[in-house]
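**Student:** here is my input; please provide its structure:
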Amino acid sequence: MTAVVDYTKFDRLELSDDEDDAPKRVSAQEVRYRQLEAIRKENAAILRGDPFADENKGVDPTRRLEQTSKDGDGEEDDDESSSECDSDIEDNPIFWKKMPKNWKENPTIKAMEKLRDQTPPEEMAEELKEQGNNWYSRTLKEKVTGTRLLTYHRNALQCYTSALNYADSAEATEPVRMLHATLLINRAAVQLARKNYRKVIRDCKGALKFDPNNVKGHYRAAQALLKLKKYNDATVHVDAALALDSSNKAVLKCQRLIAKAVAAIKAKNDSLKAVVEKKRKEAQKIQSICQARGIHMGPSLFPLDSDKKRNRPQLLDESLGVRSPMLWPMMLLYEEHAQNDFVQLFRDDVLLRDLVDMVLPDNDRAPWDEEHKYYASNVELFFETICVPPFASDVPWPMDWPVQSEKDAGSGNIREWVQIPLGLTLLDILSLPAYVVPQIVTFHVVPKTGKYHDQFMQRNQHHVRALHVGGNSSMAPRSAPTSKKSVPVTAATTTTTTTTTTTTTKGSVTREAVPKKKKKKKKKKKKLSASESGDGIDAEAVPTEDLD
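**Tutor:** Modelled structure (predicted):
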């Protein structure tokens, strides 16, 4: 658990001039070592049967030897002395193989706790700091990994935290103040190795409160901020460290890494700006061409996936300008089966009959069409009038594929369904005032026969219109769902050979076809893979000699 250190008591720190003349105390580590060494020598002497082993206990040293000489072979006494020695070993914590339940009642443990309580807190803090340094040094010397590495790091952190608790209870002096800073910086080194970058910043910030001129505190804070991609804050700490030590190689290396990361971000931002500017210019060009042709654009009906977003309307021949045919992404919806066909690019000067023949040929059936109703000679195309609100013509159209709002989707306006004659070109439909392109040209496919056709016509019997082309291109209502008369279409269109790829939503089958020839070829779909880029900057492990 992290120690709660009271930093306020160091605000009024007073130092005496004769501080160096004070008597030096023996460190707690040395005192404990002497005690354990004495216990070890005493136990070894008892095991050897030395006569001076019991001198400190007030026992006659010759008594044991005299008793041994009187007993002859001494088998019984040997057993008694052996049992006494075994009892002493069992009572000594050094020889414990397993922690007993009443270990707190052991006299040796009580003596060690009493000695610990008598040791000054600053000496205990120094001892625990050395233990923490040893645990962290072992991770680098032994090159441990996995669970052992995690254990060593936890032990080091526990030692530093306990040392902070002892230092907090010590008298507020300048050495204790520096000891606080050292412990926090060493703990930050372990947290940096564990990639706990926010905890590194916390400890470095606390250390700099005790010692504002500590180079390692600024350096390790800069390393953590670099990994968190907070380059401005990292630069502040690097500049502060170089102001204190301008020749520090580690700090200079960190400065180079920050500069490299900043340059990479700047280059990436410049590249993104260039891409956005290019898209903006293309969108403005498409908008001007669409407005010249009377085409209205609006938000999408629903969120689109990334594959569909890659397809934008474009000119077939840039040199022809407005007179050039346009290529449009298209989607055919089969609401009865919740399916759709997506056409990546389709020329707007090609008859829609060619589109239907290509996507739904008479000699082929889709796998989901169990009743075999969806084929070119047995389907009708419909579009919904003003299915989405059009974009304003006096402002640039958005480029981020917006989706219609819930308010617009549920506005409750009465809309009409318009049957599309297949003898029209795509441009004839797009230029109608009643049609708004929802980012992708979307038509509904309804079979001419079957139960779904009757339900569709019955449900929309007062809102279905048949499109008549001729003169002013007016729309006339369809009187009854059963009487379907073909309406002559007078449209002069030059049909050219085009190659269009359609992709069905179920499966990865791609179809490549030429209009009117109904020639089908299989083509493998090219998969696009996006590689993730990283800055490639890793925090370096703090070397052992860098610990204070």
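**Student:** what does the helix or strand hosting Val418 contact?
**Tutor:** Following DSSP states H and E, one finds Val418 within strand 417-420. For strand 417-420, the external contacting residues (CB atoms under 8 Å, 6 or more residues apart in numbering) are 352, 380-385, 429, 434-435, 443-444, 460, 463-467, 475, 478. All C-beta spots, glycine's among them, are computed from the backbone N, C-alpha and C.
**Student:** mind doing that once more with 7 Å?
**Tutor:** 352, 380-385, 429, 434, 443, 460, 463-467, 475 (CB atoms under 7 Å, 6 or more residues apart in numbering).
**Student:** burial count for the residue lying closest to Ile286 once chain neighbours are set aside?
**Tutor:** Nearest residue to Ile286, sequence neighbours excluded (CB to CB, 6 or more residues apart in numbering): Pro313, at 5.4 Å. Counted with other CB atoms under 10 Å, residues neighbouring Pro313 total 23.
**Student:** and Pro313, how far from Gln255?
**Tutor:** Distance of Pro313 to Gln255, given as CB to CB, to the nearest Å: 49 Å.
**Student:** just give the nearest non-adjacent residue to Arg365, would you?
**Tutor:** Leaving aside its sequence neighbours, Arg365 sits nearest to His372 (CB to CB, 6+ apart; 5.4 Å).
**Student:** is it true that that neighbour touches Ala366?
**Tutor:** No - judged on CB atoms under 7 Å, His372 makes no contact with Ala366 at a distance of 9.4 Å.
**Student:** which one's more surrounded, those two?
**Tutor:** Ala366 (19 against 10).
**Student:** what is the burial count for Lys253?
**Tutor:** Neighbourhood size, Lys253 [other CB under 10 Å]: 12.
**Student:** what helix or strand is it on?
**Tutor:** Secondary structure from DSSP H and E places Lys253 in helix 249-293.
**Student:** and that helix, what does it pack against?
**Tutor:** With contacts taken as 3 or more CB pairs under 7 Å, 6 or more residues apart in numbering; DSSP states H and E, helix 249-293 sits against helix 215-227, helix 231-244.
**Student:** what packs against the first one?
**Tutor:** Meaning helix 215-227. Using 3+ CB pairs under 7 Å, 6+ apart: helix 215-227 touches helix 174-193, helix 197-210, helix 231-244, helix 249-293.
**Student:** got a markdown table for these, with mean pLDDT too?
**Tutor:** Compiled in a markdown table, these are given as follows (pLDDT from 0 to 100):
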| stretch | mean pLDDT |
| --- | --- |
| helix 174-193 | 92 |
| helix 197-210 | 93 |
| helix 231-244 | 93 |
| helix 249-293 | 91 |
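**Student:** return the most buried member of those helices.
**Tutor:** Of all the helices and strands packed on helix 215-227, helix 174-193 carries the top mean neighbour count, a mean of 23, counting by mean count of other CB atoms under 10 Å.
**Student:** beyond the helix or strand where Glu127 lies, next helix or strand please.
**Tutor:** Glu127 belongs to helix 121-141 when assigned by DSSP H and E. Per DSSP H and E, helix 121-141 leads on to helix 146-169 as the next helix or strand towards the C-terminus.
**Student:** what comes up buried for that following helix?
**Tutor:** By neighbour count on 16 or more other CB atoms under 10 Å, the buried set for helix 146-169 is 149, 152-153, 155-157, 159-168.
**Student:** how about stretch 421-439, which residues are buried there?
**Tutor:** With burial defined by 16+ other CB under 10 Å, the residues of stretch 421-439 counted as buried are 421-432, 434-439.
**Student:** neighbours of the residue nearest to Ile201 when sequence neighbours are not counted, how many?
**Tutor:** Spatial nearest neighbour of Ile201, excluding adjacent residues (CB to CB, 6+ apart): Ala224 at 5.1 Å. The local packing of Ala224 (other CB under 10 Å) involves 26 other residues.
**Student:** is Ala224 in contact with Lys199, as I believe?
**Tutor:** No - counting by CB under 7 Å, Ala224 stays clear of Lys199, with 8.5 Å between them.
**Student:** give me the distance between the spatially closest residue to Asp369 that is not a sequence neighbour and Glu370.
**Tutor:** Excluding the flanking residues, the one nearest Asp369 by CB to CB, 6+ apart is His337, at 7.3 Å. Distance, His337 to Glu370, by CB to CB: 9 Å.
**Student:** looking at those two, which is more packed in?
**Tutor:** Between His337 and Glu370, His337 has the larger neighbour count (other CB under 10 Å), namely 15 against 9.
**Student:** what kind of secondary structure is that one in?
**Tutor:** Under DSSP: H, G, I helix; E, B strand; the rest coil, His337 falls in the coil class.
**Student:** give me the phi and psi angles of it.
**Tutor:** The phi and psi values for His337, taken as degrees, to the nearest 10, are phi -110, psi 10.
**Student:** and Thr442, which of the three is it?
**Tutor:** Secondary structure state of Thr442, per three-state DSSP, is strand.
**Student:** surely it and Leu333 touch.
**Tutor:** Yes - between Thr442 and Leu333 there is a contact at 6.4 Å, judged by CB under 7 Å.
**Student:** more neighbours: which of these two?
**Tutor:** The neighbour count for Thr442 versus Leu333, taken as other CB under 10 Å, is higher for Thr442 (21 against 17).
**Student:** contacts for stretch 282-291?
**Tutor:** Residues from elsewhere that reach stretch 282-291 (CB under 7 Å, 6+ apart): 297, 313, 322, 393, 396-397, 399.
**Student:** by neighbour count, which of the residues you listed wins?
**Tutor:** Pro313 (23 neighbours).
**Student:** next, work out how far apart it and Arg347 are.
**Tutor:** Distance, Pro313 to Arg347, using CB to CB: 11 Å.
**Student:** repeat for Val446
**Tutor:** Separation of Val446 from Arg347 (CB to CB): 24 Å.
**Student:** same deal with Pro303?
**Tutor:** When Pro303 is compared with Arg347 (using CB to CB), they lie 27 Å apart.
**Student:** and if you look at Gly217?
**Tutor:** Relative to Arg347, and taking CB to CB, Gly217 is found at 67 Å.
**Student:** more crowded one of the two?
**Tutor:** More crowded of Gly217 and Arg347, by other CB under 10 Å: Gly217, with 27 against 20.
**Student:** next, Thr449: phi, psi?
**Tutor:** The phi/psi pair for Thr449 (degrees, to the nearest 10) is phi -130, psi 160.
**Student:** in this structure it contacts His372, no?
**Tutor:** No - counting by CB under 7 Å, Thr449 stays clear of His372, with 10.6 Å between them.
**Student:** what sits in contact with each of these two?
**Tutor:** Joint contacts of Thr449 and His372 (CB under 7 Å, 6+ apart) do not exist.
**Student:** contacts for whichever strand or helix holds Met331?
**Tutor:** Of the helices and strands defined by DSSP H and E, Met331 is found in strand 326-334. Residues from elsewhere that reach strand 326-334, judged by CB under 7 Å, 6+ apart: 308, 311, 313-316, 340-348, 359, 374, 426, 440-445.
**Student:** would you mind listing which of these are buried?
**Tutor:** Among the contacts of strand 326-334, the ones that count as buried by 16+ other CB under 10 Å are 308, 311, 313-315, 340-348, 359, 374, 426, 440-445.
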